[in-house]
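Enquirer: Could you look at this predicted model? Sequence included:
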Amino acid sequence: MLRGRCRNCKKSISWRYPAIELGTAALFLLSFLTFGLTVDGIGMDIFCFLLLGLAAMDAETMTLPDMFTLPGIVLGILYAGMTEGLHGATYSALWAILAPLFILAIRGLYSVLRHREGMGLGDAKLMAMIAAWLGPGLAALALFIGVVCAAIYGLTRIASQNRFKSAMALRLPLGSFLCAGAIYAIFEGEQTLKWYMQFLR
């Protein structure tokens, strides 16, 4: 047994690694229980793997690597093509283009007002990936949940700091919260949208 240490360098293995592995296994099991051993189930396994990996990377490094998001967009379009045909693939590609515009608009507005970058392009690419897989309704839900959770986390952090200046410089891994919102949308999104839509009738 390794006793919690690397076989080669003997340094302690961070708790994050087994936590991510357990999280991946749990999501795969949940996907199987929800969608079965189907194209949808396998597709959601892949999507969950990408989301969990990106969430962990953004939380730790504040980056969302293109090597995950860009192939993720392509895989989302291919998945839509496999499940809904050419029309689905075209629809997926269209929303992959349109969905990031909201993130880019906020990024541009922040740059104009604060004269510095406030949101990375990785968040826009992640939003494109989420929209390619989930479509507009569930992607919007994922964005809403992600932004609300990020805001709550940010306000909590600010409340724990005494200096306003340091609070204004607080950086948040928005991508991690968007990934969490997307995972929620995969399994509970349809029910949540149906619940919400009843108030608009």
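Expert: Everything's here; your move.
Enquirer: contact partners of stretch 69-81?
Expert: Outside stretch 69-81, the residues within contact range by CB atoms under 8 Å, 6 or more residues apart in numbering are 39, 43, 46-47, 50, 54, 88-89, 91-93, 96, 122, 125-126, 128-129, 131-133. Every C-beta, even on glycine, is put in place using the N, C-alpha and C of the backbone.
Enquirer: Could you do stretch 94-112 as well?
Expert: 73, 76-77, 117-119, 121, 123-125, 127-132, 135-136, 139, 143.
Enquirer: Buried residues of it, list them for me.
Expert: Trp95, Ala96, Ala99, Pro100, Ile103, Arg107 (16 or more other CB atoms under 10 Å).
Enquirer: Need the residues you listed in a markdown table (columns: pLDDT).
Expert: Below are the buried residues of stretch 94-112 laid out as a markdown table (pLDDT from 0 to 100):
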| residue | pLDDT |
| --- | --- |
| Trp95 | 95 |
| Ala96 | 95 |
| Ala99 | 91 |
| Pro100 | 90 |
| Ile103 | 87 |
| Arg107 | 80 |
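Enquirer: List buried members of the contacts of stretch 94-112 by neighbour count.
Expert: 73, 76-77, 119, 123-125, 127-132, 135, 139, 143.
Enquirer: biggest separation within these, which pair?
Expert: Pairwise distances across the buried ones among the contacts of stretch 94-112 (CB to CB) peak at 24.3 Å, for the pair Ile77 and Met119.
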